[in-house]
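Visitor: Let me see the structure of the following:
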Amino acid sequence: MESRIAIGMLCFSRPIHTALTVAFALNNKSDKTDFFPFYGIHKHQEPPSRTLDNMLKELHSKCGLKFFYMGEDRANNVQGNVDNLMGNLSSTPGYSCFAKIDDDVLIGKGSDTDMANILLALGPEKCYMLMGQAVPEHMRRHNPFCWEAQVNGYRVVQRAQKACPMETYTFVSNTCLQFLRENSMSVSCDNPRGTYGPLTRKIVNAGGKVCLVLTPAVQMQHIGLTTTIEVGSPERSWAPARSWDPMDKVIEIPGFDFDKWEASHKDNTQKDFAMEAMSALRSTMHKDYLPHLDTLLHWIEKYTPEEEPISLPKRLGDRQKVPQPVEVVSRPRNPPGMVLRKLPDGRVVRSPGPVRRVVIRQTA
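Guide: From the prediction side, this is the model:
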């Protein structure tokens with residue numbers, strides 16, 4: 001692929017997570033992909049983490065890694081930083097598309113070019129966003145998709161009812177914001193938490209698509225949460241990232257053992273784990289990024305978690321292995337063919353209509 005890609009990473013106050021994310025991104029991205037942190041504070045704001053602040057500044061001054069502060073006109077929340085990333089990378093020339101990741105998402109080798117190629121191939125289908133993490137608990141088990149395609153050997157779907165896939169690893173068309181403006185819609189994510197649900201609904205309402213790479217699983221891992229809450233509650237069921245088929249198989253990223261990462265939260269050895277995992281990348285890291293790796297290791301070694309407390313889950317629990325079944329009930333009073341589904345919380349919802357399928361043939 002000759003076109004260039006940009007990846008923007010949202011970060012704020014978690015030096016260990018951020019260091020791991022940066023290290024794996026630099027090690028696994030294509031040499032035609034540029035990487036930029038988007039720092040969720042204003043330039044003159046007191047940093048919430050001195051370690052992260054120093055780490056980013058040294059990555060810039062010693063390694064040439066450009067990062068972006070938030071504009072002074074933007075609200076100091078995740079929405080402000082998402083809008084900052086979307087606006088900056090949309091307006092930067094030279095990129096065929098760009099991606100957003102969070103500061104707790106590890107990307108696997110080749111995933112950036114695979115995702116970009118799929119998104120570009122779906123251009124005629126008016127796909128403006130493509131996401132890479134499937135969360136089974138967040139999706140209906142009965143007709144969860146309203147459209148699907150086969151692209152470059154991947155099954156790509158659009159969720160029913162304008163639902164947004166998990167936006168942890170999102171590729172965005174460089175014409176996405178233009179498409180929203182042309183349809184008289186705000187180009188903001190319109191959500192202080194920075195989630196992409198409002199963007200998804202706007203894009204779909206305007207006739208576009210927001211899609212998800214379903215199978216095979218995109219090589220990425222979500223490390224931010226290390227526990228789920230009670231069985232049947234999907235709110236925190238997005239870590240670790242798991243495949244759709246085979247169902248619930250934890251996605252493996254070479255060099256990162258999620259079980260060990262989870263165990264490190266029981267005895268507060270996340271720092272040791274991170275340094276060991278990053279050090280092991282040295283043998284595969286491109287020589288141009290070895291100074292970046294040294295900087296990351298230097299600041300994580302100096303990091304004292306007790307002096308910069310970060311909010312993390314209070315307890316560890318068993319990861320939910322088997323999704324809870326959704327009860328399907330039919331009601332005689334409804335028109336023939338209509339199926340209602342009873343959700344675990346007691347709500348009854350209508351199933352979506354038929355799925356339209358297309359095949360996108362890879363061009364030479």
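Visitor: Hmm, K209 and V156 touching each other?
Guide: No: V156 is not in contact with K209 according to C-beta atoms under 8 Å; the separation is 9.5 Å. C-beta here means a position set from N, CA and C on the backbone, and glycine is covered the same way.
Visitor: between those two, who's got more neighbours?
Guide: For V156 versus K209, the count of surrounding residues by other C-beta atoms under 10 Å is larger for V156: 26 against 20.
Visitor: quick check, that one in a strand?
Guide: Yes: going by DSSP: H, G, I helix; E, B strand; the rest coil, the assignment for V156 places it inside a strand.
Visitor: quick one on the thing from earlier: so what sits against both of V156 and K209?
Guide: With contacts defined as C-beta atoms under 8 Å, 6 or more residues apart in numbering, the residues adjacent to both V156 and K209 are L122.
Visitor: In contact with the nearest residue to P216 once chain neighbours are set aside, which residues are there?
Guide: Here the nearest residue to P216 in space, its sequence neighbours aside, is Y154; by C-beta to C-beta, 6 or more residues apart in numbering that works out to 6.7 Å. With C-beta under 8 Å, 6+ apart as the criterion, the residues that contact Y154 are 114, 118, 213-216.
Visitor: Tell me the most packed of those, by neighbour count.
Guide: Neighbour tally across these (other C-beta under 10 Å): the maximum, 28 neighbours, falls on V213.
Visitor: Settle this for me: that residue is touching Q158, isn't it.
Guide: No: contact criterion C-beta under 8 Å: V213 and Q158 do not qualify, at 11.4 Å.
Visitor: Pull out the buried residues from the longest strand belonging to the chain.
Guide: Among all segments of the chain classified by DSSP state E, the strand with the greatest residue count is strand 33-42. Residues of strand 33-42 classed as buried under the neighbour-count rule (16 or more other C-beta atoms under 10 Å) are 33-41.
Visitor: which stretches of the chain have low pLDDT?
Guide: Filtered on pLDDT under 70, the chain yields the residue ranges 1-2, 141, 225-237, 309-364.
Visitor: Helices of that one, residue ranges please.
Guide: 15-28, 50-63, 78-91, 111-121, 176-182, 197-205, 258-264, 270-279, 290-302 (DSSP state H).
Visitor: What helices and strands are in contact with the third one?
Guide: So that's helix 78-91. When contacts are defined as 3 or more C-beta pairs under 8 Å, 6 or more residues apart in numbering; DSSP states H and E, helix 78-91 sits against strand 4-11, strand 33-42, strand 68-70, strand 95-101, strand 166-173, helix 176-182.
Visitor: Identify whichever of those lies nearest to M220.
Guide: Taking C-beta to C-beta, strand 166-173 is the member of these nearest to M220, at 4.9 Å.
Visitor: Can you give me every residue that contacts the spatially closest residue to K32 that is not a sequence neighbour?
Guide: Once its chain neighbours are removed from consideration, K32 has its nearest residue in R4; the separation is 5.2 Å (C-beta to C-beta, 6+ apart). If a contact means C-beta under 8 Å, 6+ apart, then R4 has 32-34, 94-96 as its contacts.
Visitor: re earlier: now the buried residues of strand 33-42 as a markdown table including distance to E72?
Guide: Compiled in a markdown table, these are given as follows (distance: C-beta to C-beta, whole Å):
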| residue | distance to E72 |
| --- | --- |
| T33 | 29 |
| D34 | 25 |
| F35 | 25 |
| F36 | 19 |
| P37 | 18 |
| F38 | 15 |
| Y39 | 13 |
| G40 | 13 |
| I41 | 11 |
